[in-house]
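*Asks:* for reference, the sequence and a predicted model appear below.
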Amino acid sequence: MATEKENVMQMIKELPDDITLEDIMYHLYAREKIICGLKEADEGKKVSNENYAKIVKWTPKIVKVNSKTSENFEKVIELIEEHKKFLEESGIIENYKENRIKSETLQILKYKITKKVESLISSNSAIDEYIRLVMDKSLDPYSMANLIIKLLGIE
């Protein structure tokens, strides 16, 4: 198995000879992001080992485009479509969508539960008693939190 250095050197060798340092840095950055995403996907068991190997070898392609003459514009569109197909077939898009939905749901739950707890704390006399007990050190904050969870009925 090739080392990371060997993989990076191979990637650079495959780039066009007239590539700029900025473009090389972009490729290194993109490669790192892809590898990080793959590790996350691998932890979630969403990408097979076969697809993982394909993805690690994938290198973004560079196409010079002239915005004034539209030179190579169609080639860029073609490469974008090719990359989209790759992301769909490898399962990366599906994994991204699933993780995004989980994250959004978690944010909504945090917001709603926080609002409910804030309302309970400001309007429930039992909470005032719990706070006094914590101040007197006869109850610890962790136990107080557990009592509030019971009041919310979510334990």
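*Replies:* Looks like it came in fine. Predicted model only: the values in this text are computed from it and were never measured.
*Asks:* where are the low-confidence patches of the protein?
*Replies:* Residues of the chain that meet the criterion pLDDT under 70 lie in 41-42, 44-59.
*Asks:* what residue spans form the domains of it?
*Replies:* The chain breaks down into these domains under automatic domain parsing: 4-97, 106-152.
*Asks:* need those domains in a markdown table with mean neighbour count, can you?
*Replies:* In this view, the C-beta of every residue, glycine as well, is placed from N, C-alpha and C. Converted to a markdown table, the domains of the chain look like this (neighbours: other CB atoms under 10 Å):
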| stretch | mean neighbour count |
| --- | --- |
| domain 4-97 | 13 |
| domain 106-152 | 12 |
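*Asks:* strands of the protein, start to end?
*Replies:* Assigned by DSSP state E, the strands in the chain number zero.
*Asks:* longest single helix anywhere in it?
*Replies:* helix 92-123 (DSSP state H).
*Asks:* which other helices and strands contact it?
*Replies:* If you count contacts as 3 or more CB pairs under 8 Å, 6 or more residues apart in numbering; DSSP states H and E, helix 92-123 packs onto helix 21-43, helix 141-152.
*Asks:* where's that helix relative to the chain centroid, distance-wise?
*Replies:* Centre-to-centre, helix 92-123 and its host chain are 16 Å apart (CA atoms, centre = their mean, to the nearest Å).
*Asks:* tell me what angle that helix forms with helix 141-152.
*Replies:* 90 degrees (axes from the mean of the first three to the mean of the last three CA atoms, to 10 degrees).
*Asks:* which stretch among the helices and strands packed on helix 92-123 comes nearest T69?
*Replies:* Nearest to T69, of all the helices and strands packed on helix 92-123, is helix 21-43, at 20.4 Å by CB to CB.
*Asks:* which strands and helices sit next to the closest one?
*Replies:* By 3+ CB pairs under 8 Å, 6+ apart, helix 21-43 packs against helix 4-14, helix 49-57, helix 92-123.
*Asks:* quick one: these as TSV, columns for distance to E74 too.
*Replies:* As requested, the helices and strands packed on helix 21-43 are exported to TSV (distance: least, CB to CB, whole Å):
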stretch	distance to E74
helix 4-14	23
helix 49-57	26
helix 92-123	24
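*Asks:* for T69, which of the ones you listed is the nearest?
*Replies:* Smallest distance to T69 across these (CB to CB): 27.0 Å, for helix 4-14.
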